[in-house]
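>>> Could you work out the structure for the sequence below:
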Amino acid sequence: MRRILVDRARAWQPVGGQLGTYTGDGRVHLWQPGQPHLTISFIVDPTNQYPEYAGSRHFAFSPDGTKLIAGTSQPFARVFDVSTGEPTGIALEHHEAVYDADFGTDGRLLLAADSGLEAILWEVGTSRMIGAPIWTGGRTTLAAFSPDGRLLLTNPAGSIQINRIGMDSTG
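I've put the predicted structure just below:
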């Protein structure tokens, strides 16, 4: 049995049921439950500048399970094709390392929060920033959409901030 050190980052694929793990070597490993071998393994953080913080960076599957968004130790997040492990577009640039990211409920938008003071809403198909960055005022390690996809949740400096999509202030 092969053992791989798994940091805190992990997620279940919503369609297909694979388990994904983000490890300290800057890779995402996908596992099919009940199978002894990896389904696929690919590098999401090629330089992996700060491996000690790998467990602080997270990733998420798209609602249809075909894409994966991963934060990195670099100032960008990246969307990957789950079947090939290849990036699907340009890097989504931030000012600091991206600690968390989440797809919207329909998979067309994603929210990425960095270790600086902002979270950015992106359009997946075009890699275009939607509106101005959301000023969080503190290190943000959580980015999530509400179940209906209309609210954005971040946690600057351990507090909770909720924004409505399309608004710059907390709602």
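>>> is it true that residue 33 touches residue 17?
Yes: counting by Cβ atoms under 8 Å, residue 33 sits close enough to residue 17 to count as a contact (6.5 Å). The way it works is simple: take the backbone N, C-alpha and C, and place the C-beta from them, glycine included.
>>> Looking at these two now, which is surrounded by more residues?
With other Cβ atoms under 10 Å as the criterion, residue 33 and residue 17 differ in neighbour count, and residue 17 comes out ahead with 12 against 8.
>>> mind checking how far that one is from residue 102?
Residue 17 sits at a distance of 19 Å from residue 102 (criterion: Cβ to Cβ, to the nearest Å).
>>> Please apply the same query to residue 15.
Distance of residue 15 to residue 102, given as Cβ to Cβ: 16 Å.
>>> the more surrounded of these two?
residue 102 (23 against 12).
>>> which SSE is the more buried one in?
Element membership of residue 102, judged by DSSP states H and E, is strand 98-103.
>>> what comes into contact with that strand?
By Cβ atoms under 8 Å, 6 or more residues apart in numbering, the list of residues contacting strand 98-103 from outside reads 56-63, 67, 69-72, 75-77, 92, 109-115, 124, 139-145.
>>> cool, stretch 126-135 as well?
Outside stretch 126-135, the residues within contact range by Cβ under 8 Å, 6+ apart are 79, 89-90, 92, 109, 117-123, 152, 154, 161, 163, 165-166, 168.
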